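**Q** Model the following, please.
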Amino acid sequence: MVARGRLMQELPSGGAMVAVEAAEDEVVPLLDAALVSVAAVNGPRSVVIAGVEAAVNEVAEVLKARGRRTSRLRVSHAFHSPLMEPMLARFREVAERVTYGTPAIPVVSNVTGRLAAEGELASAEYWVRHVRQAVRFADGVSALAAEGVTRFLEIGPDGTLTALAQNCVPDAPNLLFVPAQRKDRDEPPAVIAALAALHTTGRTVDWDVLLPGSQELVDLPTYPFQRQRYWLDPVADRFGHRGEHPLLSSGIGVADSTTVVATGLLSGRTQPWLGDLATGGGTIVAPSVLTDLALHTGRSLGAHHLTELHVDEPLRLSATGETEVQTATEAADGDRRRTFALYARPYDPDADPSDDARPWTRHAHGTLAVGPVDPTAADTDEVGAWPPPGATPVDPDELYDALEVPVDEAGRVVTSVWRLGDEVFAEAALPETKTAEAAGFVVHPALLDGALLTLRALGRPVPHLVSWSGLTLHASAATAVRVHVVPLSATECALRILDVTGAPVLTARSVAVLPFDHEQLPGTVRKSGSDLYTVTWIPADAPSLPEPASTTRHTGADDLLAAASTASDTPYAELVVVPWQTPESDPETALVPGVHDATARALILLRHWLTDAHAVGSRLLVLTRGAVAAHADETVTDLPAAAVRGLLKSAASENPGRFLLLDTDVTPTDDQLADAVRRGHDELVLRDGKLFAPSLNRVRDTPPHPAGVVFPTDRTVLVTGGTGAVGAAVVRHLVTRHGVRHLLLVTRRGPQTPGAAELVDELAAHGARTTVVSCDAADREALADVIDALPPEYPIGAVVHAAGVLDDGVITSLTPVHLTRVLRPKADAAVNLHELTRDLGLSAFVMFSSAAATLSSPGQGNYVAANAFLDAYAARLRADGHPAVSIAWGLWETDSAMTRGLADATHKRAARSGVDALPTGDALVLFDRALTHTEGTPLPLCLDRTALRRAADRLPPLLRSLTGRPALREAAARPASGAASPLGLSHLPESRRRDAVADLVRTTLAAVLGHAPETPIRPDTPFTQLGLDSLTALELRNSLSHATGTTLPATLVFDHPTPEAVVDLLLAGLTPAERADDPMSMSTTPHSSENATLADDPIAIIGMGCRFPGGVETPEQFWDLLLQGEDAIGDFPADRGWDNLTALAASDNTGPDAPTYTRRGGFLSGVGGFDAEFFGVSPREALAMDPQQRLLLEVCW
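**A** Predicted coordinates for the structure are as follows:
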C-alpha cells in the first residue's frame, strides 16, 4: 500500500475525475478508451469517469446536455484511468516481492464485483489490475446480497459507502446497512450504536472483547423494577396543533383575534442538515431556511404571495443547545394583508415563558397577501430551449469555493450553471438521500439556498441577509429545479424557480442579497442562562422581624475579644455591634500588609464568635465605612475592609442568621441598627439614613469592544496565569479575536508548565510572538525585572491578571497560612502589576475575580476575601482614572488546575443553588462584553432560572430579582396547643414519628450529596463514608435547620456521625411539652431536660487521655508536669507556617493604642502528624477539620 501511494504521488499531477448520474451502459459508449475510462461503478445510476481533463470534461458536457447531473471530484490525480499506466510496471515489481496468504473468510473482489476465486487475490497481477481497472462497488454489494448477506457494516470514517450500498440493492428486502463511524459524532458512541444495531437484529456480537471485565451476567430480580420516566412529552401533544413543518412543532391561534403563533426548535444536533446550510463559520443559519418558514406560514393561512420579506438579522445556529423560533402573524387588514415576523431565542425547556433573561430577537419580517395564486404572477416570457442557445457554461464549484465553510459533494445541489449576457441559468437538485425530505417543506431550503447562490455568478455577495419583493409561491415539494436570474440593478435581481418541465415553483419580482460583515455581529452565547450580570443596590425590604431584645455595642474587634476573655457564663446580647477599624497607614506602602493584617484579625474574631458557646443565640453586626461603592458617585476608600467583608460574607453563608454586614456613610444610631436587623438581610448599606440591599441583575445593551480597541496590536499584553486552562483560552482569544501580536505570559513554572510549548507554537501559527517566563507576580522585585527585560519597542500595553489558587475550608478551619496562600497570587500580585505599569499608558488592566465574592460562597472565606479585594481595587483604580476592570467569573466548564480538585458534590451544590458552569465559548463572548462595563463589577455567569425560581421565596434579595417573582412573606401565625410542628409530627403516633424524621434526614442528605430523593442510605453508615466534607456537612446542618425550625450545632455531623444519630437528636428536641408550648421553639442544644437527666447517671471510666503544652501526651505526664511545676510555655513551633505571625511579633508597634504581640505561648506538640487514613478521613477533609477535632480523635483512641 505504501508503494502504491508513493508511485501514484510521483506521477505528474493533472487529469480529472467526475461523478455522473447515469448508468454504466450509457457512459461507456461516450469514452475514448485511450483517454478516459470508468473509474468506479457505485450504483445503478452512479458512475465515476477519470482520465485526461479535456476528454473527461467533454464527456461530462454531453451527459449534462442529456439532463444528467455531474459533479467534479476534488482529487490530485485521475485514479483508475489511463493516466495510471506509467506506474504499473514499477508497482508490479513491488507486488511480486510480496508473500501472499489465503483469506480466512470469503472476499468479494472490487475488481470483478464477484466472490474472489481461490488464489485470485494471491497474485501480483491482480493488484496491478486493482490500480488500473474500475472499482465495481455496486456489483460487489449485489454479489453479497445474492449470497444471502443481510447485514452490511461499513468500517471507515463516515457513512458514505453505506448510502451508496443502499442504492445498489433497492429492491432487496430486510437488509441492514450500518456505518461504524460518523464524521459528526464521537467514535466510541458511534461504534457502540453500530454494534447495538447489529445485536438487536439478531447478529452475535462478542461483547467480551468490546467490554472486557463487565460482562458478568446476573439473575434478574423477582420484583418489578423501580421506574422513573425521563422522556419529555412533545410540545404539540400538550397544546395547539402540529406545525406540519419539519422546523415547527406546534401552532396556536390567539384568543379573541385572528393572530396565529407557531413555534419550533432549530438544533444542529437533531437537524444536522441545518449545519450544511450554515454560513459565517458554520454558525449562521442560511436565509433560505427563514424564507421557507415564511412561505409555510403564508401557505397555512392561504397567503401564497409575500408582498415583502426581509431577513434583516442573521440567526446563529447553536452548537451546543437548541434555538427556539416563533412565527407571529397578525390579523388581516382591510386589504387582506397580514404582517409576519420571525423571532428566535436560546431554548431552555425549564425556563419560565416570561423570563426576560432570554429576550426574543426578530430575524425576519414581512407582509403576507391572502388570496388565490395569480397565474400571471410568474413572468410569461418563456425561456424556450434549456439551456438557451449560446449560453456559456460556468463551473458550479466556483460558487461554492467562495463560501467560508467547505461544502461536501452531497451539499452541492447546484449541478449546472450558464450565463447568457447578464442573465444566469442554473439547475439544482437534491441528492437522492434528501428527496424524501422535500414533501415537508414548501421549497426545500437546500434548493432555495442553491438558487440564491447562483447570484454569485453575477458577482453578488454570499447570501446572509436577503430582501424579497413580490415573492409568489406556485408549487411545492420540488426535488429538482431550474433557476433563471435577471439583474435589475446593482443590488436587485428578478428570480424565477421552475420545475424540470418549466412550470413555475417560486417567483420573485426582485431579491436583493445584502453584504454582511461577520465582525459586526456580536458574539452570542450558546447556553441558556449564560449572561453578564452586575450588582445594584436597591431599597431594602420592609421590616419583617422583631427588634433584638438586647444590644451591646463595642468599640472594635479587640474590645469584643477582650470583653469575651473576662466574661462570665452570661450569654451575649441578642445583637452585638462591632465597628471595623482599619489602622491609618501610607496607602502606597502599606496596602498589601494592611490587607493581610486586616483579614488575619478578622479571622481571629470569626473563629472566636463561631466557637464561643455563649454566642450561639447572638448575631454579630459588623460596621464598615468606605468598603462598598454602592452608587455611581462612590468609590471604595477602605480596601482592607473590603477584603474583610468578603471573609465575613463567606462566614455568613456558612452560618445563616449569625452575621449582618452594614457599610455606612455616618455612625448609625441605635434605632438605625435595630431597623437594619429587622430587614432580615445579611448585607446592607446605609446611605443618607436609608437602607439598601444588593440585587443581581442582567447587564443590558453592552456591546463587545471592536477588535484592536482594548488590546493593542503593537505593544505587549502581559498575562498572569496564561498557561492554565482558563488563561490559555483567553490568550487564544486575545490573538484570534483581538489581534494581539505580542504576549508575555507570567507563570510560577514558566516554560516548564505542561502545554506551554504547544501553546506558544499554536499562537505563533496565528502570527503572535509569545514569551513565557517563570515569575511569582506577588514578588515585586522579580516582576519588575521581568517587565524591565522586555524589548523597548514592545512595551507593556495591557495587563490581564488571571492567576489564582484555591485552598478551601470552612471559617473555623482556616488559619493565617490559608489566607496568605490565597491572597498572595490574587491581591499582592494585582497591586504589584498596577504599581509597576501605571505609568505606561495602559489601554486595559483586567483582573480575573470570582463570583464567589458576590455570591458569598461557603467554605471559601480566604478566596472570597481575595476576590472581594480585587473587585474593590478595580473600583478604586477606575475612580482614579485607570482603565481597570475586575471580571467576577462564575465557574467555567473548562477543567482548570484550580477547579480540578473540587469534588463532584461541590459542582452539584453550585447547580442546586442555580449556578451552572459557563461553556468556554460563552465565557469568551462575555469577556468581550465585560470589557465595556464601567459601572460596578461585571459577573459572567450561567444561571439556572428554574432552580432559582424553585427557591424563590427563600432566596436572598441578591438573587431574588432574577426569578421575576417577588418573594412572599409567610403569614405569621402562632399555632395553638397541639398544632402541627414544622415536621408535621404532632399529628403522627409515636411509632411513625421516627420514620418521618428518618425520611427527612435521608432525603435531605441525598439532596446535599447530589443523589436522587429515593436513593437508599443506610441509617448507620458514618457520614465520612457517605462522602460528606466540611461544606456538605454545613449544608446538611443548614438544610435540616430550615426544615425543622431548630437551631442545630455547627458540629452536627461530628457530634452525631450517622444519619441515625441525627434522627435521635431531632426526635429528642420534640418533647410533648415543647410541642404543646411552641413547636417553633424546639431545642437541640446540650441543655435539654433529657441531657440533664442523663447527667445524673453513673459514669464508668474506661480510659483517660490528654494533650497539653510542654510535650504532654498522657495523663501521667500531665501529673508530673503539675507536681514539678514546670513551665509549659515555649517558642512558636516551626512546623505550623506561622512566619507572618512571627514577623508581626518582631515588628515595632509602639504607642498607647498599638496592638500587643508575643513570641511565646502554650503549644501542643505533634499536631501535624494526624493519620487521616487510619481514622477513615480523606486528606483534603483532614486539612479542613478543626485541629481540636483531630486531637480529640487521637486522644479518644
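
**Q** And residue 1195, which helix or strand is it part of?
**A** Using DSSP states H and E, residue 1195 falls within helix 1187-1196.

**Q** From the contact counts, what lies against that helix?
**A** On a contact count with 3 or more C-beta pairs under 8 Å, 6 or more residues apart in numbering; DSSP states H and E, helix 1187-1196 meets no helix or strand. Backbone N, C-alpha and C define where each C-beta goes, glycine included.

**Q** What are the buried residues along it?
**A** 1189, 1190, 1191, 1193, 1194 (16 or more other C-beta atoms under 10 Å).

**Q** Could you do stretch 945-964 as well?
**A** Applying a neighbour-count criterion of 16+ other C-beta under 10 Å, one finds 945-949, 952, 955-963 buried in stretch 945-964.

**Q** Show me the domain layout of the chain.
**A** 2-149, 241-349+359-374+390-516, 536-694, 708-963, 990-1094, 1115-1196 (automatic domain parsing).

**Q** ranking the ones you listed by burial, who's on top?
**A** domain 708-963 (a mean of 21; mean count of other C-beta atoms under 10 Å).

**Q** got a list of contacts for the helix holding residue 1195?
**A** Identification of contacts with helix 1187-1196 by C-beta atoms under 8 Å, 6 or more residues apart in numbering yields 1051, 1054, 1105, 1106, 1107, 1164, 1167, 1170, 1175, 1182.

**Q** which one is residue 393 nearest to, not counting chain neighbours?
**A** residue 418 (5.6 Å; C-beta to C-beta, 6 or more residues apart in numbering).

**Q** who's that neighbour bridged to?
**A** Residue 418 has these beta-bridge partners by DSSP bridges: residue 393, residue 425.

**Q** thought it was touching residue 396?
**A** No. Counting by C-beta atoms under 8 Å, residue 418 stays clear of residue 396, with 10.4 Å between them.

**Q** Quickly list what's touching both of those two.
**A** Between them, residue 418 and residue 396 share these contacting residues under C-beta under 8 Å, 6+ apart: residue 426.

**Q** which residues in the stretch 51-200 of the chain form helices?
**A** 53-65, 88-96, 124-132, 137-146, 160-168, 187-200 (DSSP state H, counting those that start in this stretch).

**Q** Name the spans of the stretch 601-750 of the chain whose pLDDT lies under the cut-off.
**A** Under the criterion pLDDT under 70, the flagged ranges of the stretch 601-750 of the chain are 701-709.

**Q** all strands of it, in order?
**A** 619-625, 659-664, 683-687, 690-698, 716-720, 742-747 (DSSP state E, counting those that start in this stretch).

**Q** Convert the C-alpha atoms of the helix or strand in which residue 338 is found to CSV, please.
**A** According to DSSP H and E, residue 338 maps onto strand 337-346. Written as CSV, here are the backbone C-alpha positions of strand 337-346 (Å, rounded to 0.1, in the frame of the first residue of the first chain):
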residue,chain,number,x,y,z
ARG,A,337,-52.7,41.6,4.2
ARG,A,338,-51.1,40.1,7.3
THR,A,339,-47.9,41.3,8.9
PHE,A,340,-45.5,38.5,9.6
ALA,A,341,-42.4,38.3,11.9
LEU,A,342,-40.0,35.5,12.9
TYR,A,343,-38.2,35.6,16.3
ALA,A,344,-35.7,33.4,18.0
ARG,A,345,-34.0,33.0,21.3
PRO,A,346,-31.9,30.3,23.1
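
**Q** who does that strand touch, helix- and strand-wise?
**A** Looks like strand 337-346 contacts helix 287-300, strand 305-311, strand 323-329, strand 361-369 (3+ C-beta pairs under 8 Å, 6+ apart).

**Q** Now find how far off-centre stretch 848-861 is within its chain.
**A** 19 Å (C-alpha atoms, centre = their mean, to the nearest Å).

**Q** I'd say residue 651 and residue 862 touch.
**A** No. Using C-beta under 8 Å, residue 651 makes no contact with residue 862, being 11.4 Å away.

**Q** Mind checking the pLDDT average for stretch 46-53?
**A** On average, the pLDDT along stretch 46-53 is 94.

**Q** Least reliable of the helices of the stretch 51-200 of the chain by average pLDDT, please.
**A** helix 160-168 (a mean of 83).

**Q** Output it as PDB - backbone C-alpha positions only.
**A** The C-alpha trace of helix 160-168 is given here as PDB (Å, rounded to 0.1, in the frame of the first residue of the first chain):
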ATOM      1  CA  THR A 160     -20.600   7.400   2.600                       C
ATOM      2  CA  LEU A 161     -20.400   3.800   1.400                       C
ATOM      3  CA  THR A 162     -23.500   2.900   3.400                       C
ATOM      4  CA  ALA A 163     -25.500   5.400   1.400                       C
ATOM      5  CA  LEU A 164     -24.100   4.100  -1.800                       C
ATOM      6  CA  ALA A 165     -24.700   0.500  -0.900                       C
ATOM      7  CA  GLN A 166     -28.300   1.000  -0.100                       C
ATOM      8  CA  ASN A 167     -28.800   2.300  -3.700                       C
ATOM      9  CA  CYS A 168     -27.100  -0.800  -5.100                       C
END
